[in-house]
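Undergrad: build me a structure from this.
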Amino acid sequence: MSLENLFSPIKIGNVEIPNRCAMAPMGLGTSMYNSDETWPKKTIRYYEERAIGGLGLIITQFVRIHDKLASFPIVGLYDDRQIPSHAELVERVHKHGTKIFHQIALMGGKFAGDAPSAIYSPNYINKPRALTTDELDMLVGCFIDAAGRGMQAGYDGAEVHAGHLYLIGAMISPATNKRIDKYGGSFDGRMKFITDIIKGIRSKYPKYNIGVKFSAYEELEGGIDVELGKKIAKYISDLGVDYLHVSTESTTLGVFSKLPPCPTMYQPRNILVPLAAEIKKICPNQVVMATGSITIPEEADTFIKEGKCDMVALGRTVIADPHWAKNAKEGKPVTPCIRCNVCYYHLLLNEMLCCSMNPYMLHESEADLSVPAKIKNVMVIGAGPAGIRAALTASKRGHRVTLYEKMPYIGGMIYPGGKPKFKQDVARAIEYFDKMLKSSNVNLVLNTEVTPELVEKLNPDSLVIAIGAKPIMLEIPGIYSSKVTSAIEVLRNISGFKKEDGNGRKVKAAVIGGGEVGCETACYMADNGFDVSIVEILPNLLEEDKDLNVKLPLLNLIKEKNIKIFTETKPNKVVEEGLEVILSNGKEGLIEADIIAVAINQKPENDLIKELALKAEEFYVIGDCSSVGRIKDAVSEGERVGRWI
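TA: Now for the predicted structure:
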């Protein structure tokens, strides 16, 4: 596929963008801001890497336009002293042929204390103070002045952030704007704040390009529905803006949304593209930018070809692969975003933005590999993400690397983890690793279980142990019955389990463990025709998962599939009829089950690890066999060791 639509130029106002790939604006974490609210050097390098990677347009994270109201310290454009650092960023991006817009906004009551109205809302942590009319008048001027400073710094335009229920978005939404002055009371009143901002920028800086990011839908009682979203889009377009960036609500509402701005693996890719297409229908002459888990170049090209949008805004996509655009254009593999949302969750924890697939996120200047003082024979045991990454990196540096895997496939635990249809983005990670191995000098040996004797025979200069962990089985009577298996085995080979008995009845399955693996296994079994129950000893499923943006969509999948849930329920004994349990009321109960899948945890094989390690002078233990963790931990550890050897 030529991707000719994705890589055709487009005009935004008076500036030509070399292709249709835009970097979506994303926060980087509170630790990534200077005390004087200028751009840190590390952040400038982060943006420059995406420009090197071939993006046509970069939209910065939002910069605040006032130093006190409705915000807290981040990066600012409210003072002339901040202009030089913005000018440096623009210069670094422009030298690679990429255009750059700065986004201007204020947080409002979402993370700060000032909002359109003093009301309680799921959007607010606490009840905010209502901004006065005079304060809003003053802030209009601040937005205009910030745009002017951006123009002075050399930006190609400004994106006004009117979405996600930040201040402007909250002014627009009927759920959060209950004002009765000129800035509220009606649709036109709620639109006055953004109208005055856009008209003010146009009047004072007529040649400056203006885009608007806005929420075309909110999963919020009394908020913006799709029809109102279309009305808002038409109104803003008629103000003469140069593009519309179509998004949705706040990610901090704490509710399941059918149209989330940051959809996870448990919801379809490209989920907001139909919404952008609706906006494009009513604004046919407007440049419309779509977003929402657009991660595959061929799909992005098709959306533009079909007229659903004119550009694609890529967020997590270019966190995972800064060179996504360049790689796609040249026909090279792109590092897939697996939509795990680790990046966004770290932001909510006030930690630095990171990525499961990209260990150099915000460490771009450290990515160059050194040449080793001595070329070594490296033996890597285990072709999971940790072992693969270590092997690839060590090989790139010039070492002679052989990667052993006891199974007939690569991927480790992400192989079974990527089996469910809703985990296809994880399966794409395995495809990516496979392509990278095939194009490397790594010698991959499958179907080979490495023993201490084999290590001793081959005598590698360096040994990397990445053999993963084994599922833990419950110690209850009957646990070694033939009807009991691990959730991992079910995910790995569901075709090996009968879905119906001889009478055409659905086979009943009980999954012990209501954590992430247990819930995913239950959904996968339900998709494959089993009658499924989940047994969890804690009060709620996914009790220990704190990221609501991931947790709520998975819980919704369980609800959609009519999976039966038994919480505060303790497995007691495996019997012929199924699983005897102690229910939450203390009474004994029976959950009928033909198959029982255990998904409670995993543990490293410490004895085997020790035996392997003792056969090498230089050894490293990484991945789940060091400490059971996530893909991010495995990839980062693999990269670290690959650089050390």
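
Undergrad: show me what contacts the residue nearest the centre of the chain?
TA: The residue lying closest to the centre of the chain (C-alpha atoms, centre = their mean) is residue 341, at 3.4 Å. Residue 341 sits next to 262, 264, 316, 547, 549, 550 when contact means C-beta atoms under 8 Å, 6 or more residues apart in numbering. Quick note: C-beta positions are derived from backbone N, CA and C, even for glycine.

Undergrad: and residue 479, by the same measure?
TA: 473, 574, 598.

Undergrad: could you rerun that using 10 Å?
TA: Applying C-beta atoms under 10 Å, 6 or more residues apart in numbering to residue 479 gives the contacts 473, 512, 571, 573, 574, 596, 598.

Undergrad: in strands, which of the residues you listed appear?
TA: Within the contacts of residue 479, residues falling in strands by DSSP state E are 512, 571, 573, 574, 596, 598.

Undergrad: okay, the residues you listed in CSV with distance to residue 141 and neighbour count next?
TA: Output for those, formatted as CSV (distance: C-beta to C-beta, whole Å; neighbours: other C-beta atoms under 10 Å):
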residue, distance to residue 141, neighbour count
512, 62, 31
571, 65, 24
573, 72, 14
574, 71, 22
596, 67, 24
598, 63, 26
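
Undergrad: quick one: low-confidence parts of the stretch 451-600 of the chain?
TA: Along the stretch 451-600 of the chain, the parts satisfying pLDDT under 70 run over 502.

Undergrad: for it, which segments count as strands?
TA: Applying DSSP state E, counting those that start in this stretch to the stretch 451-600 of the chain gives strands spanning 462-465, 469-471, 484-486, 508-512, 531-535, 564-566, 570-575, 578-582, 588-592, 595-598.

Undergrad: burial check on residue 48, number of neighbours?
TA: The local packing of residue 48 (other C-beta atoms under 10 Å) involves 21 other residues.

Undergrad: wait, a helix at residue 431?
TA: Yes. If the criterion is DSSP: H, G, I helix; E, B strand; the rest coil, then residue 431 is within a helix.

Undergrad: what pLDDT does it get?
TA: pLDDT for residue 431: 97.

Undergrad: I'd say it and residue 335 touch.
TA: No. Applying C-beta atoms under 10 Å as the test, residue 431 and residue 335 come out as separate, 11.3 Å apart.

Undergrad: so which bits of stretch 348-365 are buried?
TA: Residues of stretch 348-365 classed as buried by neighbour count (16 or more other C-beta atoms under 10 Å): 352, 353, 354, 355, 356, 357, 358, 359, 360, 361, 362, 364.

Undergrad: and which of the residues you listed is nearest residue 51?
TA: residue 364 (11.2 Å; C-beta to C-beta).

Undergrad: now the closest one: phi and psi?
TA: Residue 364 has phi and psi values of phi -60, psi -30 when expressed as degrees, to the nearest 10.

Undergrad: identify the single longest helix in the chain, thanks.
TA: As assigned by DSSP state H, the longest helix anywhere in the chain is helix 133-153.

Undergrad: which strands or helices does the next helix or strand after that one pack on?
TA: Per DSSP states H and E, helix 133-153 leads on to strand 157-162 as the next helix or strand towards the C-terminus. Secondary-structure packing of strand 157-162 (3 or more C-beta pairs under 10 Å, 6 or more residues apart in numbering; DSSP states H and E): strand 57-64, strand 99-105, helix 133-153, helix 167-172, helix 187-204, strand 209-215, helix 226-238, strand 243-247.

Undergrad: quick one, which of those gets closest to residue 624.
TA: Nearest to residue 624 among these is strand 57-64 (33.7 Å), distances taken as C-beta to C-beta.

Undergrad: name the helices or strands packed onto that closest one?
TA: strand 21-23, helix 41-52, helix 83-94, strand 99-105, helix 133-153, strand 157-162, strand 209-215, strand 311-314.
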